[in-house]
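J.: Prediction below, plus the sequence it came from.
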Amino acid sequence: MSNGPRIILYILRRDVRLSDNPVFHCAAQQLKRSRSQKSSPTGDGRGRDDSLTSEHGGAPFTHLLPVYVFPSNQIESSGFLSSPSDRSPYPEARSQVAKVWRTGPHRAKFIGEGVWDLKTRLEGLQCGSGLEIRVGSIADVAREFLEYYAEKGSKGGSQPQITGVWLTDDDGTEEKDDEKILKNLAAKHDVAFKVWEDEKFYIDDRDLPYESISDLPNVYTTYRKPLEPLRDRPRNPLPTPTALPPLPPDIPPQKAPFKITTSEESLLKALLSPLQKDSTYGLKTPPQWPKDVQSAHPFNGGESNGLKRIKHLVSTGAMSTYKSTRNGMLGLDFSTKLSAFLAQGHITARQVHWAMVDFEDGVGPGEGAEGYGKGENEGTAAVRFELLWRDYMRLCMRKFGHKMFALYGIQPHAKGRGDQQPNPRKRWRTLDKPGGAGDDPKTTLETFTRFRSGCTGVGLIDASNREIFLTGYTSNRARQNVASFLTSHLDIDWRIGAEWYEFLLTDYDIASNWGNWQYVAGVGNDPRQGRVFNPVKQALDYDGKGEYIKAWVPELRDVKLTRNIGPGREEVDQQRLMLLYQAWKLSDWEKSNLRLKGIEWVEQPLTRIQFSVGRKGPPDGRSKRGGAGGGGHWRASGRGRGSRDFKRVGTEDKAPRHEDGPIIVTSSG
Ligand SMILES: Cc1cc2nc3c(=O)[nH]c(=O)nc-3n(C[C@H](O)[C@H](O)[C@H](O)COP(=O)(O)OP(=O)(O)OC[C@H]3O[C@@H](n4cnc5c(N)ncnc54)[C@H](O)[C@@H]3O)c2cc1C
């Protein structure tokens, strides 16, 4: 063995943080131990080298080389080419079915910010640590490092060599493939290989009651029950390292034809420039920013910002009110907006949990805020409940693997890759061939294009699709409606929608995205298959003043929603709301007046949902009995595309399946 630097190559993926990071924690612990041994050696110390003997992975090391790779199959890498005449050796990072970019501008920026934040934090420790940034396939990058140091090491003497390759676990199928390749590479070079459990989830894998992942229940509630009370479950977060083993003195540069930039600004430029070549993303009429609207997700990426966000949520009391606000659609704090930080591993779910525990115990920030020091409340319990949904989706990805991406999903009667059809009545419309329902791919593409452009003619769907295009975020409530609309009203292959979301979402997470799309499309683990959201009824329940739709569909801002109920008194008129929710219902006279005449989505909506409000309700669109999810006393009826009838009287949220037809609404969480 050479007596030069002994390096652990740590390949980061979705664990881009310094705090609560098992790998950095272990390296810091070993550094501390070796320093304390040096300062007070037991025995004579003879024959001892100064390497950090890893208890995890078996390889002694002196240096830690953290490397973040922008994976070329997921994030377009051509912006890193050294010169415009160079060509990337990798195919464009486009999706399989719809051929859209896999990572769009919102997430590319967020990821870049997160990587730069970690680099800054590591360098800020002032111990010689840092982060190397690379572009390419993870396998190619690892191979280059291994070969570079193998060649050096073969010269013997004090040349550096890699003694271990470490990375954290990820349940995505591509990530599993990467792991296999890295394992083989490590074996070929005779270096230790270790996959660490990434402890960014709510309940640690080691505390789950399953012997094998096949024991995971197919229904969320069955999974959750034995884990309650959820507040008792998370492990403590790991301390944030204050010192780490240094980077090796000799690090190979990025391989041509790519070049790594040296500032955050140029990194973001390299990530965004290929995407910005066509900022319409193939849409003839892409959504435009409306005046006077703020993004609900204006956050920059990175651990520092994620930790700040957690602090803000607890100290303002937003966690305590979460249960009653979580179905909101406008504003910053109706929900936590932690998903993007969690997805990239900028923060961990248990950090969120412990910040809430401090708040509940009255020891952390937030004094004076609602619920401070009063134990778990409705809001904090609901956040835990949702964080567990995220864990569950991730475990489903582990259990079902490729089936998470299969057209007919994880249904038990779908055999093999899941491409067989479990429900003979369901015929998906696809973009490449007729789907068997008298459709043709050209029309399907036109329909999908209108959907993406926010021009379906259904207000809630258009508002959400415009919002997500422009900001990278839309609320859970809106996501459920949009996914249901694409899959149940338009009958379009749900994977196309999932890919479109993968492209746009800042918080895209493999398991949560594909799992939720499957769930809503009726091919996932929804115990009540066949639910269909009525986007008009949902708008009535959750956008009862039309504020959300008016914000993102500015063409409809002048639709008057109130009526006079006495001298100087106005109230929202439910009948008028129906015209906002579906503008085709406006009279010709009003369309002309509002300059809406001749607009395709107004005159020829993709679907006409027959839905009426039977009698006058309270002014804010809520039922007398219920909260925002109420509407139980409305006699609401409707007819969607084709012969699908929506009929329901009674409370809809969390309602059991109605016997005489598909139910309209409910939430996944
Ligand atoms: C079609 C569809 C696609 C989705 N795609 C994603 C995705 O790619 N990434 C993603 O993180 N979430 C996804 N979700 C789940 C959910 O919509 C988002 O997690 C949530 O809207 C993010 O906002 P928030 O952080 O303010 O959530 P909050 O309401 O504040 O919830 C707190 C946290 O709980 C988790 N969570 C909440 N709801 C869910 C859920 N249904 N499934 C899994 N985790 C949940 C998230 O980590 C979230 O940050 C999707 C939902 C649907 C219906």
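T.: Okay, I see it.

J.: Just give the nearest non-adjacent residue to Leu490, would you?
T.: Thr447 (5.9 Å; Cβ to Cβ, 6 or more residues apart in numbering). For glycine as for every other residue, the C-beta is placed from the backbone atoms N, C-alpha and C.

J.: Quick check: the one you found vs Leu283, distance?
T.: Taken as Cβ to Cβ, to the nearest Å, the spacing of Thr447 relative to Leu283 amounts to 13 Å.

J.: which one of those two has more residues nearby?
T.: In this view Thr447 and Leu283 are compared by other Cβ atoms under 10 Å, and Thr447 has more residues nearby, 19 against 16.

J.: Check the spacing between that one and Gly435 real quick.
T.: Between Thr447 and Gly435 the distance is 12 Å, computed by Cβ to Cβ.

J.: Next, show the common contact partners of those two.
T.: Contact with both Thr447 and Gly435 is made by residues Arg429, according to Cβ atoms under 8 Å, 6 or more residues apart in numbering.

J.: Please identify the residues of this structure in proximity to the ligand?
T.: Within the chain, the positions near the ligand by Cβ under 6 Å from any ligand atom are 326, 335-339, 342-343, 383, 386-387, 389-390, 393, 475-476, 479-480, 483, 501, 505, 507-509, 512-513, 516-517, 520, 668-669.

J.: Quick check: ChimeraX command selecting the buried ones in those.
T.: This is the ChimeraX syntax for the buried subset of those, where burial follows 16 or more other Cβ atoms under 10 Å:
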select :326,335,336,337,338,339,342,343,383,386,387,389,390,393,475,476,479,480,483,501,505,507,508,509,512,513,516,517,520,668,669
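
J.: From the residues of the chain next to the ligand, which land in helices?
T.: With DSSP state H as the criterion, helices contain 339, 342-343, 383, 386-387, 389-390, 393, 476, 479-480, 483, 501, 512-513, 516-517, 520 from among those.

J.: Who are the contact partners of Tyr281?
T.: When the contact criterion is Cβ under 8 Å, 6+ apart, the partners of Tyr281 are 100-101, 104, 452, 503.

J.: what helix or strand is it on?
T.: Tyr281 is part of no helix or strand when elements are defined by DSSP states H and E.

J.: now the residue in the stretch 1-150 of the chain that the ligand sits nearest to, nearest residue through space, not along the chain?
T.: Residue of the stretch 1-150 of the chain nearest the ligand, by Cβ to the nearest ligand atom: Arg107 (9.6 Å). Counting by Cβ to Cβ, 6+ apart, Arg107 lies nearest to Thr506, which is 5.1 Å off, once chain neighbours are set aside.

J.: Make sure Gln159 is indeed in a strand.
T.: No: counting by DSSP: H, G, I helix; E, B strand; the rest coil, Gln159 falls outside a strand, being coil.

J.: Quick check, it in contact with Ile7.
T.: No: with the criterion set as Cβ atoms under 8 Å, Gln159 and Ile7 do not qualify as a contacting pair; they are 11.0 Å apart.

J.: between the two, which one's more packed in?
T.: Neighbours were tallied for Gln159 and for Ile7 using other Cβ under 10 Å; the higher tally belongs to Ile7 (27 against 17).

J.: circling back: does the residue nearest to Arg107 touch Phe341 like I think?
T.: No: under the criterion of Cβ under 8 Å, Thr506 is not in contact with Phe341, lying 9.8 Å apart.

J.: what about those two, which has more around it?
T.: The residue with more neighbours, out of Thr506 and Phe341 and counting by other Cβ under 10 Å, is Phe341; that gives 31 against 26.

J.: Is it correct that Lys194 falls within a strand?
T.: Yes: when classified by three-state DSSP, Lys194 is found to be part of a strand.

J.: Check what pLDDT it gets.
T.: The predicted structure scores Lys194 at 96 on the pLDDT scale.
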